[in-house]
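Chemist: One predicted model, sequence on top.
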Amino acid sequence: MLQRSKYKVIREVLIEWIIRICGISAVVFVFAIFLFVFWQGKGLIFSGDFDFWKFLTTKEWYPASENNPRYGVSALIAGTVSVTVLAMIIAVPFGLGAALFISEFCSPKLKETLKIVIELLAAIPSVVWGFIGLTIMNHLIMELFGAPIGLTVLNGAIILALMSVPIIVSIGEDALQAVPDSYREAGIGLGVTRWQMVYKVLLPAAKNGLLAAVLLGVGRAIGETMAVLMATGHAVHIPFDAEFPFLHGLDSVRTLTATIAAELGETARDSSHYQVLFIIGILLFTITFAVNLTADLIVKGVKGK
Amino acid sequence: MIEAANNAKKFTETTVGRNCRFTEKIAKSVFFLMTLTMVLPLLLIIGFLFYKAWPALSIDFVLELPKNGMRAGGIWPAFLGTLYLVLISLVIAAPIGVMAAIYLNEYAKENWFTRIINLAVINLAGVPSIVHALFGLGAFVLAAGLGRSVLAASLTLAVMTLPVIIASTKEALSAVPMSFRQASWNMGVSRWQTIRGIVMPNSISGILTGIILQVSRAAGETAPIMFTGVVFYKAIEKGDLLAYGLLDQCMALAMHLYTISTQVPNVPDAVPFATAVLLLGVVLLVNALSIGLRIYLRTHRKW
C-alpha cells in the first residue's frame, strides 16, 4: 500500500491547525478591540468619582478645564444623532429607490454600469468626503441658505448620506435578488404591472433584508469619523429644541467620533481626559455592535437559517 | 358595422389599465431619478475636484518634497508613507484573511460557532474606524511596545481591512463547484491537498480581487493611522525609496490631506485639491483594476 511520508502528514496537520487558528482570528480581534479599549479607559471607570449616568446625561464637555473638568457627552450624542438621523432621512428613500431601480426596473447593461458606479462611490475615502464637505458643500450651503458658516448638521448629513447610500443600495439589492423569481413570475402571470408586483409582492417579501440594509447604513453613519470631523463645524452644541422644526440643520455640532479624533492627540497619556475618550470609544463600539447584531438577527432570524 | 365597432372596443384600454400603466411609468421614472441624484453629484464633484486641482497636478507634484511649511512643493513623503503602510498591512492581512476564509468555507460546519465567527467578521467590518485607532494605540503602540511607528499603523490597518479579504475570498472559494472537490476526494486526495491543488488554483483570481480591494481600503483610511504612527510632517530625502524604517514614524496621503486642509493656514487652493485628486485617483484606479479583473473572470470562467 502506498503511504505518504510522515513528514508530509505532519506538515498537513500543522497547516490545518494554522487555518483553524486564522479562522477564529476575527472573533479574537473583536474581543481584543473591546478589551484593549476598555483597558485604557478602566482607570477612570473604577476611580470612584466617575458617574456613568452623569456622563451620559449632562451636556457640559469641558475636559481640559484646570480646576473643574466636566465630562458630559449628551451634546456629543445629540450631535451624532442629529447628523445620523438627517443623513438617513436623505439616504434611506434614495438608497432603497436606487436598489429597486437597479434590481427591478433597468436593463441588464445599465444595471452592470450602475453597480460599478455604486461600488466606486463606496470606495471614495472618508477624508476625501470630508474635504468635499469642507470646501464645496461649505460654499454651497453658505450661498444657498445665507448661513454665516456652511459647516453644519446639514453639510455632515449630506456627506454621510452620500457615503451610506452605496451600502444601502448594494445590500438592499442583494435582499431583493434573494426573493425567488417564482414570486415575480406568479405576480406577472396574474397580469399585474411591474410596480404593483414590486409594491405588493417584493417589498413584503424582502422587508427584513431591506431593514437590515438600512441598519448597516446607520451603523456606517454613526461610526464615520473623518468626514464628520471636517464637515460639521466642531461646536459642542445640541441642535434640537422643543419647537418646530425641532432640528436646526444649520447649527454646527460635534459628534462622538470627531471628539476622539480631535482631542486624543492633545491629551497626556492616562490623564482622566485621555481615559474618558476611551470610554467614548467603548460607547461607540457598543452602539455599532448592537446595530450590526440586530441587522444580522433580522436577516437570519434568531435561530439562523 | 356595429360588429366591427364592438371588436375595436374590445381592444381599447380600460381606465384601470391606463391608471396602472401611468403609475408604472411614474414609479419607474421616480426610481430612475433617485438613482441619478445619487450618481450625478459624484461625477460633478469629481469633475470639480479635477478642475480645481489642475494647476498643481504634475509628475513633479508627486516626486517633490513639501516646501514652505507644506504650502508648496509636492507630496513625496506622504505618497511613500502610504505605499509602506499599504504594502506592510497587505503582507499581514492577506495570509490571515485568506486562511480564515478557507476555514469558513472549507472546514467549518454549520453550527452556532461558525455563526459566531461570521458575526464577528461582520462586526469587525462595522467597528468605527476611530475605535480601531484606539485599539491600535492600546494594543500595538502601548501594550506591544512598538511605539508610534509604521509597523503599529500597518498592524492597525491590517486588523481593520481583514473583513474585506475574508468576505471576498469566501465568495471566490464558494464559487468553485462542489463537484470539483468531490471528484478530488474520491481519488483519495486529502482535504488540504484538495484545497491547494483544486480549490485555490480555480479561485486565485477571485482571491486577488479581494486583496486588491483591501489595498484601496487601506490607502484611503485616515482615522486608524492618526494616533498609531503617522505624523503631520517628517523630513526625508527626495527620491529615497527606503526612507522609513519599520519603527519610524511616517507621513501618509490621507493624513496629509487632512493636515493641509484643516491644520495649516494659508495653503493655496490648488495644493489640497491636487492632494485630494491624487488620493482619489489612486483609490479609484485600484478599485477599477479589481472590478476589471472580476469582469474578465466572469467572462472567462472555465465552468
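Modeler: Thanks, I have it.

Chemist: and stretch A:173-190, which residues are buried?
Modeler: The neighbour-count check on stretch A:173-190 (16 or more other Cβ atoms under 10 Å in any protein chain shown) flags A:173, A:174, A:175, A:176, A:179, A:184, A:187 as buried. The C-beta positions use only the backbone N, C-alpha and C, and glycine is treated the same way.

Chemist: same question, stretch B:40-53
Modeler: For stretch B:40-53, a neighbour-count test (16+ other Cβ under 10 Å) marks B:42, B:45, B:46, B:49, B:50, B:52, B:53 as buried.

Chemist: still on that earlier bit, return the closest of the buried residues of stretch A:173-190 with respect to residue B:185.
Modeler: Minimum separation from residue B:185 among the buried residues of stretch A:173-190 (Cβ to Cβ) is found for residue A:174, which lies at 31.3 Å.

Chemist: what residue is smack in the middle of chain A?
Modeler: residue A:220 (1.4 Å; Cα atoms, centre = their mean).

Chemist: Name the nearest residue to that one, sequence neighbours excluded.
Modeler: Ranked by Cβ to Cβ, 6 or more residues apart in numbering or on different chains and with sequence neighbours excluded, the top spatial neighbour of residue A:220 is residue A:164, at 4.9 Å.

Chemist: Just the element for the one you found, please.
Modeler: When secondary structure is defined using DSSP states H and E, the element that contains residue A:164 is helix A:153-177.

Chemist: continuing past that helix, what's the next helix or strand?
Modeler: Of the helices and strands lying after helix A:153-177 in sequence (DSSP H and E), the nearest is helix A:181-189.

Chemist: Strands along chain B, start to end?
Modeler: B:66-67, B:72-73 (DSSP state E).

Chemist: And for the stretch 1-150 of chain A?
Modeler: Using DSSP state E, counting those that start in this stretch, the strands of the stretch 1-150 of chain A run over A:61-62, A:70-71.

Chemist: Which neighbouring elements make contact with the longest helix that chain B contains?
Modeler: Longest among the helix segments of chain B by residue count, using DSSP state H, is helix B:15-53. Applying 3 or more Cβ pairs under 8 Å, 6 or more residues apart in numbering or on different chains; DSSP states H and E, we find helix B:15-53 packed against helix A:74-100, helix A:108-123, helix A:153-177, helix A:194-197, helix B:270-299.

Chemist: Quick one: mean pLDDT for it?
Modeler: Over the span of helix B:15-53, the pLDDT mean works out to 85.

Chemist: Next, the angle from it to helix B:270-299.
Modeler: For the pair helix B:15-53 and helix B:270-299, the angle between their directions (axes from the mean of the first three to the mean of the last three Cα atoms, to 10 degrees) equals 130 degrees.

Chemist: between helix B:15-53 and helix A:74-100, how big is the angle?
Modeler: Using the same axes, to 10 degrees: helix B:15-53 against helix A:74-100 is 120 degrees.

Chemist: Next, the contact list for residue 200, please.
Modeler: Picked chain A for this. The contact partners of residue A:200, by Cβ atoms under 8 Å, 6 or more residues apart in numbering or on different chains, come to A:187, A:192.

Chemist: The intended chain is chain B.
Modeler: Contacts were defined as Cβ under 8 Å, 6+ apart; by that measure residue B:200 touches residue B:207.

Chemist: What backbone torsions are found at residue A:233?
Modeler: phi 90, psi -10 (degrees, to the nearest 10).

Chemist: need the longest helix for chain A.
Modeler: The helix spanning the most residues in chain A, taking DSSP H as the definition, is helix A:272-300.

Chemist: And for the residue of the stretch 151-300 of chain B found nearest chain A, the neighbour number?
Modeler: Going by Cβ to the nearest Cβ, chain A is nearest to residue B:220 of the stretch 151-300 of chain B, at 2.7 Å. Around residue B:220 sit 27 other residues, with neighbours defined as other Cβ atoms under 10 Å in any protein chain shown.

Chemist: Kindly provide the distance from the closest residue to it other than its chain neighbours to residue B:36.
Modeler: The spatially closest residue to residue B:220, leaving aside those adjacent along the chain, is residue A:125, at 2.7 Å (Cβ to Cβ, 6+ apart). Shown here: residue A:125 relative to residue B:36, a distance of 24 Å by Cβ to Cβ, to the nearest Å.

Chemist: Contacts only, for residue B:250.
Modeler: With contacts defined as Cβ under 8 Å, 6+ apart, the neighbours of residue B:250 are B:77, B:80, B:81, B:84, B:85, B:150, B:153, B:229, B:230, B:231, B:234, B:244.

Chemist: where does the chain dip in pLDDT?
Modeler: Since you didn't name a chain, this refers to chain A. When the per-residue scores of chain A are filtered using pLDDT under 70, the ranges that remain are A:1-2, A:242-244, A:246, A:301-305.

Chemist: meant chain B, my bad for not saying
Modeler: For chain B, the stretches flagged by pLDDT under 70 are B:1-12, B:302-303.

Chemist: Any idea which residue is closest to the centre of it?
Modeler: Judging by Cα atoms, centre = their mean, chain B has its centre closest to residue B:217, at 3.4 Å.
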